[in-house]
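[1] Requesting a structural model of the entry that follows:
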Amino acid sequence: MVDAGQIQQIYDQLEIQSLLTLYCTSLDSKKYEGLESVFTSDAFIDYTSAGGIKGAFPEVKNWLEEVLTIFTMTQHVVANFDIRVSGGEATSRCVFFNPMGLGLPDGKVQMFFVGGYYNDKLVRTEKGWRITERIEESSWRYGEFPGEIEVPK
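    Residues are numbered from 1 along each chain as shown. Next up is the predicted model:
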């Protein structure tokens, strides 16, 4: 028989999984305001393993909005969720796969792929679960990133 604690655990894991999907949807749809429902206002985010920046959520959110404009398409995918809930706090480690397309002057799209892990710390708030810390752990890349395109830092 399933008890109330187990039901809460399942609910929390599903809510966190939906939150991680919302992150991907917000980036790929270029609706960055959705990130306000993913991270706490004081969250720390580190994308340095992928050549990005690290810092407080507002700074990193602005950077994401700027840097992702160079891609004609992105498709962030998360899977293999390892979510551990303990009361009002949680940790999550999930795999990410991120194909990105760069528009070229001749109209073609050059594909570039990145994969790795998102390592997150989360907290339950009045509005649901939110990420307080994200450390991206890029594991591999495939495809050439054109040298003439500069990524803002």
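[2] if I look at the residue positioned nearest the centre of the chain, how far off is residue 3?
    In the chain, the centroid-proximal residue (CA atoms, centre = their mean) is residue 23; its distance is 5.2 Å. Counting by CB to CB, to the nearest Å, the gap from residue 23 to residue 3 is 31 Å. Every residue, glycine included, has its C-beta placed from N, CA and C.
[3] hey, which strand is longest across the chain?
    strand 109-125 (DSSP state E).
[4] tally of neighbours for the nearest residue to the residue nearest to the centre of the chain once chain neighbours are set aside?
    Using CB to CB, 6 or more residues apart in numbering and skipping residues adjacent in sequence, the residue nearest residue 23 is residue 38, 4.8 Å away. Here the count is done by other CB atoms under 10 Å, and residue 38 has 24 residues near it.
[5] which residues touch residue 38?
    Residue 38 sits next to 19, 22-23, 26, 130-131 when contact means CB atoms under 8 Å, 6 or more residues apart in numbering.
[6] Low-confidence bits of the protein, can you list those?
    For the chain, applying pLDDT under 70 flags the ranges 145-153.
[7] Which residue ranges of it form strands?
    According to DSSP E, the strands that the chain contains are 39-46, 54-56, 71-74, 77-86, 89-103, 109-125, 128-142.
[8] Specify the stretch among those strands that is closest to residue 13.
    strand 77-86 (4.7 Å; CB to CB).
[9] Give me the neighbour count for the nearest residue to residue 40 once chain neighbours are set aside.
    Nearest residue to residue 40 in three dimensions, chain neighbours excluded: residue 130, at 4.6 Å (CB to CB, 6+ apart). Around residue 130 sit 20 other residues, with neighbours defined as other CB under 10 Å.
[10] contacting residues around residue 130?
    19, 37-40, 43, 122-123.
[11] from these, which two are the most distant?
    Distance extremes for these: the farthest pair is 37 and 123 at 13.7 Å, using CB to CB.
[12] Let me see the contact set for residue 31.
    By CB under 8 Å, 6+ apart, the residues touching residue 31 are residue 25.
[13] Now it, what are its backbone angles?
    phi -110, psi 70 (degrees, to the nearest 10).
[14] Quickly note the distance from it to residue 115.
    Taking CB to CB, one finds residue 31 at 24 Å from residue 115.
[15] Check residue 139 too.
    The gap separating residue 139 from residue 115 is 6 Å, by CB to CB.
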